[in-house]
Structures are given as C-alpha cells and as structure tokens.
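Visitor: Take this sequence and fold it.
(3 chains)
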Amino acid sequence: MQIKSPQFKDNARIALADANLQQALDNLKSGFPGKRAAAIGRLPEFDQLRDQAKNIKNHAIENLDFYLETFASKVQDNGGHVHWAGSSTEACQTILDICRSVGARTVTKGKSMVTEEIGLNEFLQQHSVTPIETDLGEYILQLRDDHPSHIIAPAIHLNLPDVSEVFAEKHGTERKHDPQELMQEARDVLRQHFVAADVGITGANFYIPETGSTIIVTNEGNGDLTQTLPKVHIVVTSIEKCVPTLDDLSLFMRLLARSATGQECTVYNTLSTGPRQTGDQDGPEQFHVVLVDNGRSDMVGDDLQDMLRCIRCSACMNHCPVYSQIGGHAYGWVYPGPMGSVLTPKMIGIHNAGHLPNASTFCGKCESVCPVHIPLPKLMRSWRETQHRQQTSPATARLAISGWAWLARHPRLYQLGSNIAIKAMRLIGGKRGRLHNLPVGRGWTLWRDLPAPEGNSFQQQWAQQKHRLSDTGGNP
Amino acid sequence: MSQAKHLILSRIRKGLGRGALPMEQQQRLHARMAQPQRNLVPQRAQAQGQAAIDMFVAMATEAAAEIINISQLAQIPAYIGNLIDDDSRPLLLPQEPELTSLDWATANITTATRVAQKGDLISLTTCIAGVAETGTLVLKSGPTSPTTLNLLPDIHCVVLRKEQIIGGYEDAWDLVRQAKLPRTVNFITGPSRSADIEQKLLMGAHGPKRLVIFLL
Amino acid sequence: MSLSPYLQAPTQPPKQPKVALFITCLVDAMRPSVGFATVKLLTAAGCQVEVPALQTCCGQPAYNSGAKQDTQKLARQNIKKFADFDYVIAPSGSCIGMLHQYPDLFTQGSADHQAAEDLARRAWEITSFLVDVMQFKLPPLQQDIQVTYHDSCGGLRELGIQQQPRQLLAQVSGLNINEMCEADTCCGFGGTFCVKFPDISNRMVSHKTANAEQSKAQLLLGGDLGCLMNMAGKLKRENSDLQTRHVTELLADMLAAPALGEVENTPLRATNTDLGYRA
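Guide: Down below sits the predicted model:
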C-alpha cells in the first residue's frame, strides 16, 4: 500500500478535524479497554501468565532457526508444503505461483495483517487473480477500496452510514440501516464466494513446531470457511509467530482474546495440520505455508528484538491516548499505534516513518497492557536514538537539545540563562500570571496559556534565605 | 535448501551470534516438544467433576450457546423437531451410528449424511470434549466428522456428555495427542459473531447463528 | 516504562535521614513554592534537608530525544552531586523516574552502572517517600475543599505512585477527592511531544480538562509540574475557574501563592454549583 507515514502530522490534523472519524473512535475508547479490564479481573493468574508468555516467546526467538526448520519438516511430514520468503515480493510471487498452479481465478481470504504488509491483494489483482476479503470489516474496506485502520478491528474508522452506502452501491441493493440486515447481506454475498473460490488464504496467529500446525483465532468463522472449502489452503505467516508446543499455545489462547477484545475466548480457535487426510470428506487437498521474513530476521539480536514477541493483540493501540485521538490511518502504513511505531520504521525505513516513534508521550500505558511485556516506549526511544545518531531528526530540534544539554552540564551558565528566561517570561506574562503568546514555543501557546514563573528561581531564593540565616546567626 | 531459507536462517543465526544449534541443545529442544510440559494452569482451568460441569454451562451460556439438558440421546429428535419447525431442509448428521440410528422419522425429520453445503439449515455432531474454563467445545475432523458440519449450517447442534467435560485447554491437547492429529481441530465457543460495524456485537456473521449443546 | 526495580522501602522508617532536595528544573524556574512546600513536608517528617547548589536537570528531555551521550554526561553529573545523601527527593515522579532509568544508560557491571543503581535506590518522589519510606502522618490540617487528582504517567507507571498522594490527602479533614474519569490517562504533555505534535497534544489535554471539570472539583492537583502547567494552561485558555496546584502545596498548607497561571490568590470556585460560578 501507498506509504503515507511521512505526512503523519498532516494526517493527524485531518483526522482530528474529521467528525465522522472522531465519532467512530469513541466506539473504540468505550469498548475494548473496559472489556479487557473486566476479563482480566476474572483471571487472577493473568500477570503470571504474561510473565510465562514473555519467557516462552524469548525462548522461541533464541532458538528460532531450530524451531523454523522443525516446523517446516513437520508440515512436510503431514503432507503439506513450506515456502520461505525473504521479502514481500518473494512472498507475493510464491502465493501467485501456487494460485496459478491450480488455475485459480478467485481466492477467498481470512483476515491477515501479514498479507496487508506484503501488499498481496494489489499484487494478485495485477496478475489477474481476484482476492475476496471475507472478514466483515475487511470486506467492507475492500468494497470501499480502503485499508484497515486497526489490526483486529479493521473498519473501526467507519460508521453505520458508511457501510449502508457502500453495500447499496456495490451490491446493487436497497439501502439498509439495520446493522443486522447489513451483516446478513454480507453473509449471503460471501457464501457464494466461499463456495466458488479455488484457493483460500489465511494468516496464522501462531505456528506450532511440535505438530506442524497453524492456528487461527476468529469470531466470525470466515477464516474457517476460507480454509475448509477451497481445494487449496495457503497459510501466510511470519517467522516470529512461533509457539513451540500445544501446551505453550494454551497460555497464548488465554492471553490473546482477553488482551484484544476482552473476550474470555474467541469463538473459533482452529488448529490446521496438513491437507485433508485419507477418508476425510472435506478440507483442502493442498496445504501450503508461506513463511515471511520481510525484515524480521534482522531484528534478531538488535535493539528491537523484544518486538518479535508481539502477538498482534492490539491492546497497545486500544489503550494509546494518541491512537485514540487520531485513529490508525494517520500512521500512514499497515501497522498503527505503538506496535506500529516500532515496526513500521523497520519495514518502510526510518526516513519514511520518522514521525512515528516520536509521536508518543511515553506515557507507558501500552507497555502496561502488553500481554508479553514488550517495552514499547524503550523501543520507540531506540528509534529516536538512531535518528539522533544518523542526524535524521530535524536539525533545529537536535541542536536545541544538544545546546540545552551542554548548558545543563554547566550549572552556572545554566542558572544565568534560566534566570534571564524567568525575568523575560515574567515581563511578558507577569501581569496576567500567564503567557498567551510565545515567539518560541508556539506549539504550546497555540492551544494553551503558559503559567508565568512565580518569581526568582527556587535556588536563588534558597540561597538568599540561607544567606539571611547566616547573617542573623542562624536565627530566622 | 532454497536461497530464501538459507538467507533467513543465516540472518537469524548471525543475530543470535552463533551457528546452527549444537546437537545436544537440539536434542533438548526435541525432548521439550516430545514431552511437553504444562505451563501455569489457572485455578479455574483445574475444575473437576460437578464444578467443571457447572462452569462449562455458565461459560458456554455466557458465550451465547444454548444448553439443553437431556438424559438420553432419544430425546434429541423432538428438540430438533422444534428447532427446525416446518422447514423441509434435512438435518445433517455425521456417519456415526449413535446419531443416525435415532428415531428421526417419528419426529418428521429428514436426515442426510454428507458434507455441508451452502443453504443447509442444521447439523448435529458429536465432539471430543467440552472445556470448562471458557465453555468451549472441542471437535476433530475425520472421515465420519466433516468440518463443514460445524461451520456452514445456520444451526449447529452438538452432543456433549458430562463425562467429556474437562477443566482446561491442556486437557484437550492431551486428548488430541492420543491419536494422529486430524486435519482440523475446532475449539468453538458460542455461535459466530462480529463487531465490525461500529463495535456493536452482532450474532451470526459467517458461521452458525445458533449453537445448541445437548448436555447428556 | 515499567515499574522500577529499585523501589525497596525499609520496613522501619529511617531516623533523621540526610535528604537532598532535587528541585528539578521546572519547579526551580516556574514554581519555587513547590520546592518550599516539599522542604516543609520533609522537615515535618523528621528529615535533615539540604539543597545541593547548582542543580540543573535530570536529563529526560535529552534522553527522550535520543541524545543518549548527552544524557549519560548529565547522569554522571547528577550521580556525583547526590552521592553523599541518604535519600534524594523531588516533587516530581517524572524526574525521579528518570533517575531510576540511569542504570540503563551504562553497561551492566561498570562503575557508572553501579553508581547509577545506588542513586536509583535512594531516589524517591515526595509523596511516595513520605508514605512508603517515612510512614509519615500529616499534622492536623483542615481544608474544606473538593479536589481531583491527575496521575502523572511517569510516577504512576515507573514508580507505582497512585495511592500515596491520596493517602496523604485523606488525612486532611474536610477534604474530599472527586475522582475524575480516566485519571490515569496521559494529559498530552509528554515533554517535547507537546510542541512537536501540538494538535494531538491539545486534543489530549482537552479531554483531560473536560474530565477534570466534570469531577466538579474546586482544585486540580497532581505531582508533576509539566503536566500541571499543561492542564492549568489549557484551563486558563478555556477561561475555566478550576484552579490547579501541585499536591505538596496543599499538604504543606502553603496556599499563599496564586494557583498556577493566576496573578493573584483568588478564592476557589464554589462547590456543587453550576460551573463558572465564582464564589
């Protein structure tokens, strides 16, 4: 998809002024965080489970080469095929080749952020294969030629009238206003596609080296129909989604839904192992797994390695005060919110995504809700360090910070400067107790006043007081 | 070895600052998978006996599954007759004698033992377990239990015996591991749903609109 | 931004500990009365308070701007300045939180790292120090007042400060805390964030002040001057009569200075009346 991250500031400004979007974002704020808190309240062991999940993910990453090879050979033992893809292009080409090998014209798709990341839909369309998104949210977006703004609630930026309108237009039906009727309409239309598709493509929430299985976690059941009805099931997953055993998986099943939607458990947790077996009356005849790297192997052993634990639950963005003001599209690429601000610069380059790791107050709410304890503020800071080192952050900001830091290391000069600034601010704002307009720091006074300094600095006053005390022999 | 595979694995090893894992370490990891250990199992997932049954019923009900208590399988046709009303579409059954041998004719129900198709109304299946901690049914695919029966019809009915109710997911994996892994293991918790329109929960997205559990 | 590992309070409160006030650059320049209030509280708790001369800043602006080397230099300077004290106390969770991050700046096992850990173990935010370390009971104080409390992010998530200020406030007779919605959601200050992304920051602080207003409190309190200046600045721009102060000013009974952004000490707005009414 087109990269719009460099325009983050403009995107954000537009988003803040978009009443329709703001109304939609209120649905998010009033939904997921409260439900998550309630679900966690019912599972006293939740924090211990998080600690264990973090350890298991770390273990998986530290042995990732071994687990990948083991998983691949298990898939093959089960009669499936494994394809390794270093880049988006390789992944797309591999998938296209599989589609072509069975003469596929249409493919159904379950919800998959990795396929968004690699730009699969555009690629298939360019090569005369029609992808059909089957998750309700993704389907709505596809009809609108739109992209997800959230990793598990893709159409969170839309409201009911948007859906009514596009369904009436694209389905050629009468305009409906009842959400239940709209969903029934989508169900009816997509049933045709499920049955007609030659290939079904899903992602995987996890892959399991113990058994060579992949698992998808959904509420609608579209992923299950996608992978059960066509002749060929292609799983597109990324290399870090390793959970070594089924017992380890239990842990993640308990964390994922609660962290994401606040459900105790999602409706469908489906384990897929190879193609249909001898005697089976349904299920795909071919089972392919495409293992996508796309920059992840470079993260092993570097500052961002912790990010490879991410299970894409979306808790970080659901609780992010920045995301909840501007929505996901402002971030300008596939992955929004705090997790996206760490991942996106890796995938599209820090020169494109430079604003993202800076667009955080480091309030730390994201880290506090992460089911695998990813230190998201620390990882965003590590991008800022990269920018500072490579001198790719704005030169004025860099000089200002370095100049100020130099001053802070020269306390006498610092205090001199500080006292001058205090005097100046009191001169401008003293009469009102606050400053309404500042030549420097317009970002502040554009929207709010600046309380004026009270008087001389504390250190000045303290020194004067001590001086007076010593003059009077210590008696005040 | 494919070029991509080679590159991916060598980048990972470079990042980890080592070559391929030493044989000894590989054996340890193979052993970890061969004798998988449980992680922390929450208290609630350790329920047994009547406590587990009660929890299953409460959690499944919360997930909007409908529970019908029965004392023998022979009661099922009458209940299904009510669910079907006067719809003429057949009840889909797996090729399992305990279900096909029930007296469907008296209840005026036509049955079919085939995979499900677009337009089917209702199916009745068995399952391998009910997980108490979340009210979740566990179903396996196989020659006599096509997966489509669990997904395509508007109404999915499942027979669950009380002795099949287990505490947590770990117990389910132990059952699954007793035989060769099937193509599909479905963990199903309530009927299909979506909240993709304005975050409001709607039931019956793509899978069954109703999930009826006959608790025996 | 996880909870600091250096927060072990002694089981018994220390006797007359030698305490350094780390004034923080914002309090130093903008609101000295918070410094005096802090000294008063520390003294009341039995501490011997000193203010080491020539203090500057904890280095957080540099750290969060990616200037790690600059931060290291500032950290060394502060480690040295505060070496000889039993405790280092600041009226700010954010700046003390930064001191707790100093060890991350240095290689594990190095002398710098050890010294940084040593400082972190001695560094406490004022309300948590009073409650958790000194087990301090507030001297009798009467204030008939409705307040609301904003949990600043650094103190809350790095130092676990949430109950401590409320425990102290609960000891003021006549005082009632009207908790606002989303008290623990960021106010949008974020250091340089608020000038780099003014539009987003503005929306965040607008939500915060709306929540504070809805609490019907007379006084908005908090433990970090950056957040307080942000919220007070927004309230003043909106012509609100909700006043803003640092929590230590009230606890130390030092309410003589005008509230933040006020030119004189105006009476608090009336309780439980229509917003906008001035007593």
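Visitor: dump the residue contacts of the closest residue to residue A:120 other than its chain neighbours.
Guide: In space, and not counting its chain neighbours, residue A:120 is closest to residue A:92: 5.7 Å by C-beta to C-beta, 6 or more residues apart in numbering or on different chains. In this view, the C-beta of every residue, glycine as well, is placed from N, C-alpha and C. Neighbouring residues of residue A:92 by C-beta atoms under 8 Å, 6 or more residues apart in numbering or on different chains: A:118, A:119, A:120, A:123, A:124.
Visitor: Ok, residue A:109 next?
Guide: So residue A:109 contacts A:115, A:121, A:131, A:132, A:133, A:134, A:138, A:200, A:201, A:202, A:226 (C-beta under 8 Å, 6+ apart).
Visitor: how close does residue A:365 get to residue C:11?
Guide: As defined by C-beta to C-beta, to the nearest Å, residue A:365 lies at a distance of 32 Å from residue C:11.
Visitor: before we move on, back to that, which ones among the contacts of residue A:109 map onto strands?
Guide: Among the contacts of residue A:109, the members falling in strands (DSSP state E) are A:131, A:132, A:133, A:200, A:201, A:202.
Visitor: just the residues you listed now: which is nearest residue B:201?
Guide: Each of the ones in strands among the contacts of residue A:109 was scored against residue B:201 by C-beta to C-beta, and residue A:133 proved nearest at 20.6 Å.
Visitor: I'd like the distance between that closest one and residue A:148.
Guide: In this view, residue A:133 and residue A:148 are 10 Å apart by C-beta to C-beta.
Visitor: which residues do these two both contact?
Guide: residue A:141.
Visitor: Only the buried residues of the lowest-mean-pLDDT helix or strand in chain C, if you could.
Guide: Using mean pLDDT, DSSP states H and E, the weakest-scoring helix or strand in chain C turns out to be helix C:193-196, at a mean of 93. Neighbour-count burial for helix C:193-196, counted by 16 or more other C-beta atoms under 10 Å in any protein chain shown, picks out C:193, C:194, C:195, C:196.
Visitor: can you redo those as TSV with distance to chain B?
Guide: Shown next, in TSV, are the buried residues of helix C:193-196 (distance: C-beta to the nearest C-beta, whole Å):
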residue	distance to chain B
C:193	28
C:194	30
C:195	34
C:196	31
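Visitor: before we move on, back to that, any residue of the least confident helix or strand of chain C touching chain A?
Guide: Yes. Applying C-beta under 8 Å from any C-beta of the partner chain, one finds that helix C:193-196 is in contact with chain A at C:193, C:194, C:195, C:196.
Visitor: Show me what whichever helix or strand comes after that helix is packed up against.
Guide: Where DSSP states H and E defines the elements, the next helix or strand beyond helix C:193-196 is helix C:198-214. Applying 3 or more C-beta pairs under 8 Å, 6 or more residues apart in numbering or on different chains; DSSP states H and E, we find helix C:198-214 packed against helix A:8-16, helix A:323-326, helix A:442-445, strand C:142-150, helix C:193-196, helix C:225-237.
Visitor: among the ones you listed, which gets the worst mean confidence?
Guide: When mean pLDDT is averaged over each of the helices and strands packed on helix C:198-214, helix A:442-445 scores lowest at a mean of 86.
Visitor: follow-up on the earlier one: return the set of buried residues in whichever strand or helix holds the residue nearest to residue A:120.
Guide: Taking DSSP H and E as the criterion, residue A:92 maps to helix A:88-101. Neighbour-count burial for helix A:88-101 flags A:88, A:90, A:91, A:92, A:94, A:95, A:96, A:98, A:99 (criterion: 16+ other C-beta under 10 Å).
Visitor: Pretty sure the first one sits against residue A:114.
Guide: No. The pair formed by residue A:88 and residue A:114 falls short of the contact definition of C-beta atoms under 8 Å, at 9.6 Å.
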